[in-house]
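[1] Okay, predicted coordinates and the sequence, questions at the end:
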Amino acid sequence: MLSEGPWGVLLVAVVLAALATGADAAEPKVELLWPDGAPGAVGDTDADKPSLTIWLPPADKATGAAIVICPGGGYGHLAVGHEGKDVAAWLNSFGVAGFMLKYRHAPKYKHPSPLLDAQRAIRTVRARAKEFGVDPARIGILGFSAGGHLTSTAGTHFDDGDPKAKDPIDQVSCRPDFMVLVYPVISLTTKYTHGGSKNNLLGKDPSKELVESLSNEKQVTAKTPPTFLMATSGDTGVPAENSVLFYMALREHKVKAEMHIYQNGGHGFGLAPGDPVLSTWPARCEAWMRVNGWLTAAK
Amino acid sequence: MGRLEDFLKSKMRGPTDPQAPEASEALPSAGPGVEFLWPQGAPGALGTRDVDRPTLTLCLPPPELATGAGVVICPGGDYWDIAGDYEGRDVALWLNTLGVAGFVLKYRLAPSYHYPSQLQDARRAVRLVRHRAAEWGVNPARVGILGFSGGGHLASTIATHFSDGVPDAEDPVDRLSCRPDFVALVCPVISFASKYTHEPTRDNLLGGDSTKTKHLERLSNERQVTPATPPTFLVHTGDDKEVLPENSVLFYVSMRRMGVPGELHIYEKGGHGFGLATTDPALSSWTLRCADWMRRRGLLEKPG
C-alpha cells in the first residue's frame, strides 16, 4: 500500500489528468467525490478515490446543461480518453459542461461502489451547480458500454437526498434529468448480457435478487428520466438487444426516448471520429437535447 | 364507443363519398412516365376504372448521376388512400438526387380491393422493374422497396412473402423473382396480430371481421421474417400515436434473430406521416441515415 499523503496522491492525479488531456487543452480541474475518503474505501490509492474531472464550456457558450460522463471498460478499467476527455470536448463545443466520473471498479471494488460514485457525482454537480454555472434541473448522465450500465443503474436507482444529512451534497437528489446510453450493457439476466462486466460488478456467485435488481431493463419506472440510446447491429460484444430491451421498457412506462441502431460498427468506438457514418450519432444526440429544451440557456 | 370504432368511423368512407379518391393528383392515371402493371388488366380487377388499374410512375435520375439502384415506393394511406405526393413523388425526387431511380406504386385499395391484390401489385412492380431494368437504367440486382405507414406494411409484406418467378410463365415478367434486394420502412405498420397493430390498415386490407381471419398471423410480418428477408432500414418516431414504434422494434428484433442486417432509428418526436420531414431539423436527418445505409451496402456505387 502506498503511504503517500492526500496531497501527494492529489498531485499525482492532477499530473496524470494533465498528461491525459495533452498540451493543447486547458487543464481540467479534478475533484475527489469524497475528500475525506469514499464510503467503503479499502485503500488510499488513486483506485480508491473516485473523482470528477471537470471541463466547463466557455462562459459565452454555456447553456447551463451539464453531463456526468461514465467511460466504459467492463467495470475493470476506464477508457478515459475516447470515452471521457473527447466526450467532454464535444459537449463543451455546444455549451454543455462535462464532468468525467472516475468510478471505482474491479478488481478492488464491486457493487455498490460504482453506483455510490455515480450518485455522488450527480449530487455534487447539483449541490454545487451555481459554482459550476450549471442549472440543477438540467444535469444528465452519459455512459459507454459498462459505463452505460452504470448510467442506466443511476437512472433507475436514485433518491431525493436526505434533507437531514450533515453533508450538503447528500441533501440533494441524485436523479439524473436525462440519460445518454452508448452501446450500453443493460441486461444482466438475459442471454444478451456482457459476462465480463457482470463478473466484475457482482463477483462469482451473486444472489439472484441482486442480479435482477441491476438488470436495468427490469427496473424502469415512470420516473426513469428521458433517454437517448445508441448501438450498432454489428456489436458482437454487447448485443444491440440490450438497448432494445431498455427502449421497450421505457415505452411501457411512457418515458420519452430516442434510439439509433446503426447497421455497421462494432463496440467501443466512442464518438467514432474515423467513421463518416457512425460519427453522426453525436449530432443526433445534440439534436435530441435541443428538441427537449435542455440546451436553452436559462433566462 | 371504443377506439377501434372511432377509427373505423373516421376511416371508412363509402365508395359514393365524394371524397373517396379516384386518383391522386401526384400520380396521374396515365400518360408519359406512367406504366400499367398489367396493360391487359390486373388479376382480379373489378372494372377498368383508374382504381382498378395499378401503375408505376417513373422518376429516373439524370444519367450522369444514375447508380443503377432502383426503388419501388409504396406511399401510405391505410390501404384506403395513397399519399402520392409527400410519400411518393417527393420521395422519388429525393432518391433521384442520390442517383437512384424511383418508381411510385399506385396499388389497389379498399373498399374495392383487399388482400392479396395489394401484394400482387407490389410483387408485379418489383418484377416489372427487373424486367425492364436495361431500358430504365437499373441494375436488376439492386431493386429495393420503400414504404410509409400502410405502404410500409405492404413493403414489409413483400419482404417476407416474395417468390421466385415461374420459369415457364407465358408473361416474361412473371418469370423473374420479386424478392426486393433491400427494404426501407418509414413509420411502418408491421404487426396485425399483436396489441401494437394499426386497426384501420389491418381492417382495410383484410376486410370483414379481420380479427378472425386466417391471414392475421400470416400478415403480422414481424412473425414472418426469415434469414432470406432482405436487409432492412427502419425509421419511426416515439410520439407516433397512430402507428406505434413497437411495430418497427418488433420487426428489428426478428431481423436480429434471423441474422438479417439492418438499421433502426427511432426519433423521440415527429408524429406520423412526416414523409421526408424536410422542415424538421432533427427528424429530417432520417433521409441522410437512409442514404448512408444504402451507400454502406454498396447500393450507390456507380457501375464501371
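    Perfect, I can see it now.

[2] And the next helix or strand past the helix or strand bottoming out on mean pLDDT in chain B?
    One helix or strand of chain B scores below all others by mean pLDDT, DSSP states H and E: helix B:3-11, with a mean of 40. Scanning forward in sequence from helix B:3-11 by DSSP states H and E, the next helix or strand is strand B:34-36.

[3] How far does the helix or strand following that next one sit from its chain's centre?
    Counting by DSSP H and E, the element after strand B:34-36 in chain order, helix or strand, is strand B:55-59. Distance, stretch centre to chain centre, for strand B:55-59: 13 Å (CA atoms, centre = their mean, to the nearest Å).

[4] What is strand B:55-59 packed up against?
    When contacts are defined as 3 or more CB pairs under 8 Å, 6 or more residues apart in numbering or on different chains; DSSP states H and E, strand B:55-59 packs onto strand B:34-36, helix B:90-97, strand B:101-106, helix B:117-131. Any C-beta I mention is one placed from the backbone N, CA and C, and that applies to glycine too.

[5] if you set the cut-off to 6 Å instead, what comes out?
    Helices and strands touching strand B:55-59, as assessed by 3 or more CB pairs under 6 Å, 6 or more residues apart in numbering or on different chains; DSSP states H and E, comprise strand B:34-36, strand B:101-106.

[6] Just send these back as a markdown table, with mean neighbour count, mean pLDDT and distance to chain A too.
    Supplementary listing: these in a markdown table, determined by neighbours: other CB atoms under 10 Å in any protein chain shown; pLDDT from 0 to 100; distance: least, CB to the nearest CB, whole Å:
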| stretch | mean neighbour count | mean pLDDT | distance to chain A |
| --- | --- | --- | --- |
| strand B:34-36 | 16 | 97 | 32 |
| strand B:101-106 | 27 | 98 | 22 |
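
[7] okay but residue A:104 is in contact with residue A:111, surely?
    No: at 10.2 Å, residue A:104 does not count as touching residue A:111 under the criterion of CB atoms under 6 Å.

[8] Mind checking which of those two has more residues around it?
    residue A:104 (23 against 18; other CB atoms under 10 Å in any protein chain shown).

[9] Tell me the secondary structure at residue B:154.
    For residue B:154, the assignment made with DSSP: H, G, I helix; E, B strand; the rest coil gives helix.

[10] What distance do you get for it to residue B:115?
    Noted for residue B:154: a distance of 10 Å to residue B:115, by CB to CB, to the nearest Å.

[11] Tell me which of those two has more neighbours.
    residue B:154 (30 against 19).

[12] who are the neighbours in contact with residue A:267?
    The neighbours of residue A:267, taking CB atoms under 6 Å, 6 or more residues apart in numbering or on different chains as the test, are A:183, A:235, A:237, A:238.

[13] quick one, what contacts the second one?
    Counting by CB under 6 Å, 6+ apart, residue A:235 makes contact with A:183, A:266, A:267.

[14] Helix or strand: which one has residue A:196?
    Using DSSP H and E, residue A:196 falls within helix A:195-202.

[15] does residue A:87 really touch residue A:70, like I thought?
    No: in this structure residue A:87 lies outside contact range of residue A:70 using CB under 6 Å: 9.8 Å.

[16] neighbour-wise, which of the two wins?
    For residue A:87 versus residue A:70, neighbours defined as other CB under 10 Å are more numerous around residue A:70 (36 against 27).

[17] Next one: the more buried one, what pLDDT does it get?
    Note on residue A:70: pLDDT of 98.

[18] Also residue A:156?
    The model reports residue A:156 with a pLDDT of 98.

[19] How many residues are close by the spatially closest residue to residue A:73 that is not a sequence neighbour?
    Closest residue in space to residue A:73, ignoring its immediate chain neighbours: residue A:79 at 5.2 Å, by CB to CB, 6 or more residues apart in numbering or on different chains. Burial measure for residue A:79: 19 neighbouring residues, criterion other CB under 10 Å.

[20] Over to residue B:87?
    Residue B:87, neighbours per other CB under 10 Å, totals 29.

[21] Ok, residue B:134 next?
    Look at residue B:134: counted by other CB under 10 Å, it has 9 neighbours.

[22] Check for me that it belongs to a helix.
    Yes: assessed by three-state DSSP, residue B:134 belongs to a helix.

[23] how far away is it from chain A?
    Separation of residue B:134 from chain A (CB to the nearest CB, to the nearest Å): 30 Å.

[24] Helix, strand, or coil at the residue nearest to residue A:73?
    Put simply, residue A:79 is coil when judged by three-state DSSP.

[25] list the contacts for the residue nearest the centre of chain A?
    For chain A, residue A:70 is the residue whose C-alpha lies nearest the centre (CA atoms, centre = their mean; 2.9 Å). By CB under 6 Å, 6+ apart, the contact list for residue A:70 reads A:101, A:143, A:147, A:150, A:151.

[26] SS state for the spatially closest residue to the first one that is not a sequence neighbour?
    Same thing as residue A:101. Once flanking residues are discounted, residue A:101 sits nearest to residue A:121: 4.7 Å by CB to CB, 6+ apart. Three-state call for residue A:121 (three-state DSSP): helix.

[27] gap between residue A:121 and residue A:169?
    10 Å.

[28] Please apply the same query to residue B:134.
    Residue B:134 is 72 Å from residue A:169, by CB to CB.

[29] same check, this time on residue B:227
    From residue B:227 to residue A:169 the distance is 54 Å (CB to CB).

[30] just residue A:92 next, same as before
    For residue A:92, the distance to residue A:169 - CB to CB - is 24 Å.

[31] Can you name the element that comes right after the helix or strand of chain A with the lowest mean pLDDT?
    Lowest by mean pLDDT, DSSP H and E among the helices and strands of chain A is helix A:6-21, with a mean of 46. Of the helices and strands lying after helix A:6-21 in sequence (DSSP H and E), the nearest is strand A:29-32.

[32] Within the sheet, what are the partner strands of that following strand, with directions?
    strand A:51-55 (antiparallel) (DSSP bridges).

[33] hmm, who's touching the strand it pairs with?
    Defining contact as CB under 6 Å, 6+ apart, one finds that strand A:51-55 is touched by A:17, A:28-32, A:88, A:92, A:98-100, A:102, A:121.

[34] just to revisit the earlier point, so for the helix holding residue A:196, what gets flagged as buried?
    A:196, A:197, A:198, A:199, A:200, A:201, A:202 (16 or more other CB atoms under 10 Å in any protein chain shown).

[35] which non-adjacent residue is nearest the fourth one?
    Beyond its immediate neighbours in the sequence, the residue positioned closest to residue A:199 (CB to CB, 6+ apart) is residue A:106, lying 7.9 Å away.
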